[in-house]
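no letters, just coordinates:
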């Protein structure tokens, strides 16, 4: 009799829960993957974000359904039954909150991947999750019978004290939001501060903006300092940029020939060196008669800031070789100097000078 009791009242509920778990695992591994393949064939471009958000949620929901069904077979007291019902409701709402936060972040990521200049930062991602989970917790507390009005009142009163205690943190937080919404600095941009720090913006977090130098060192700058700093963004309004290269030739040079040869080398670099803008026409401007040379600037264009390294390297190397071939001289700076042979002061001798 006891065996039959345990079999009916304990074994069947456990078997029901196990069955729902196995079905949920099969559903996620087979059916959900098939639905995603169908979505891929229909050309729904953002299906990856959508289906990824549901991973693990269906398993939890089916298990909760199995536990809820098992409560009708378990010999529970009214108090125990109410406890299980509230527990299941809170767990279901918690999983719904998790799903909604995933969907919200995924949609923002999808928007950022399609909209140039709107990438998702960790600050925006964490802030989205914080808002969703805060609302979810309040809904869960209200659903299980806990009054949230006193809690909201206490948070409102304590918010002033918290704000005073976290002034620096909040200043960096709102500065980070200002940076993101202004779109003057975005992850992936190459910036240079007036203090000399430069590199690619890697992320904008709660308190700091992280910059990665092109030799892979990280620079961490408080958001409030970045907002108030003067900086140059080499990626805005577009990634392509002009690079001026200073050159000089000797006074005996044929300037028309120098211009033609230099532009020919510049066009060659633009067309055949990776990083150059192939359809750009380089131009040259003479600008100064120096002490020992005639100076000019040649303007090239690169696809992004870091490309100026290889473009300068290849241009100077090819230009030097071509100048040697054409007989164009690059002057060596010479400064006149005087050697003082005798340190003794010699009075000048002026003949026929009347004495005073």
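Nice, thanks for sending it over. From a predicted model like this one, the values you see are computed outputs, not experimental measurements. Numbers count the residues shown, from 1 in each chain.

list the contacts for residue 277?
The contact partners of residue 277, by C-beta atoms under 8 Å, 6 or more residues apart in numbering, come to 240, 270, 301-303. Backbone N, C-alpha and C define where each C-beta goes, glycine included.

now which of the residues you listed would you call buried?
For the contacts of residue 277, a burial check counting by 16 or more other C-beta atoms under 10 Å picks out 270, 301-303.

closest to residue 249 among these?
Nearest to residue 249 out of those is residue 270 (C-beta to C-beta; 21.2 Å).

surely the closest one is in contact with residue 283?
No: using C-beta atoms under 8 Å, residue 270 is not in contact with residue 283; the gap is 11.5 Å.

what ranges does this protein have for its helices?
For the chain, the helices defined by DSSP state H cover 2-6, 12-26, 32-42, 47-53, 57-70, 78-114, 122-143, 149-165, 167-182, 223-228, 255-272, 308-326.

tell me which residues in the last one are buried?
Which is helix 308-326. Using 16+ other C-beta under 10 Å as the test for burial, helix 308-326 gives 308, 311, 314-315, 318-319, 323.

tell me the two of these that are most distant?
Farthest pair in these, by C-beta to C-beta: 308 and 323, 21.3 Å.

show me where the chain dips below the pLDDT cut-off.
Regions of the chain meeting the criterion pLDDT under 70 cover residues 1-13, 35-36, 38-51, 73-76, 111-120, 151-152, 154-167, 334-356.

let's see that with 90 instead.
When residues are selected by pLDDT under 90, those of the chain lie in 1-210, 213-241, 252, 278-279, 290-292, 304-306, 330-356.

pick out the residue closest to the middle of it.
The centroid of the chain falls nearest to residue 187 when counting by C-alpha atoms, centre = their mean (2.4 Å).

contacting residues around that residue?
By C-beta under 8 Å, 6+ apart, the neighbours of residue 187 are 119, 121, 201-204.

likewise residue 227?
Here residue 227 is in contact with 175, 178-179 (C-beta under 8 Å, 6+ apart).

which one of those sits closest to residue 168?
Minimum distance to residue 168 across these is 10.4 Å, recorded for residue 175 (C-beta to C-beta).

neighbours of the residue nearest to the closest one when sequence neighbours are not counted, how many?
Spatially, and ignoring its direct neighbours in sequence, residue 175 is nearest to residue 223 (3.8 Å; C-beta to C-beta, 6 or more residues apart in numbering). Counted by other C-beta atoms under 10 Å, the residues lying close to residue 223 total 25.

distance of residue 223 relative to residue 212?
Residue 223 is 17 Å from residue 212, where distance means C-beta to C-beta, to the nearest Å.

again, but for residue 238
Separation of residue 238 from residue 212 (C-beta to C-beta): 21 Å.

quick one: which of those two has more around it?
residue 212 (15 against 9).

pretty sure the more buried one is touching residue 218, no?
Yes: Residue 212 is within contact range of residue 218, at 5.7 Å (criterion: C-beta under 8 Å).

need the residues touching each of those two.
Both residue 212 and residue 218 are in contact with residue 202, where contact means C-beta under 8 Å, 6+ apart.

coming back round to it: now the buried members of the contacts of residue 227.
175, 179.

please render the contacts of residue 227 as CSV that adds distance to residue 288 to the earlier fields.
Formatted as CSV, the contacts of residue 227 follow (distance: C-beta to C-beta, whole Å):
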residue, distance to residue 288
175, 43
178, 43
179, 40
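
residue 25: which of the contacts of residue 227 is nearest?
Residue 25 has its nearest neighbour among these in residue 179, at 43.7 Å by C-beta to C-beta.

how near is the closest one to residue 241?
From residue 179 over to residue 241 the distance is 22 Å, taken as C-beta to C-beta.

likewise residue 297?
Residue 297 sits 15 Å away from residue 241, going by C-beta to C-beta.

between the two, tell me which one has more neighbours.
In this view residue 297 and residue 241 are compared by other C-beta under 10 Å, and residue 241 has more residues nearby, 17 against 14.
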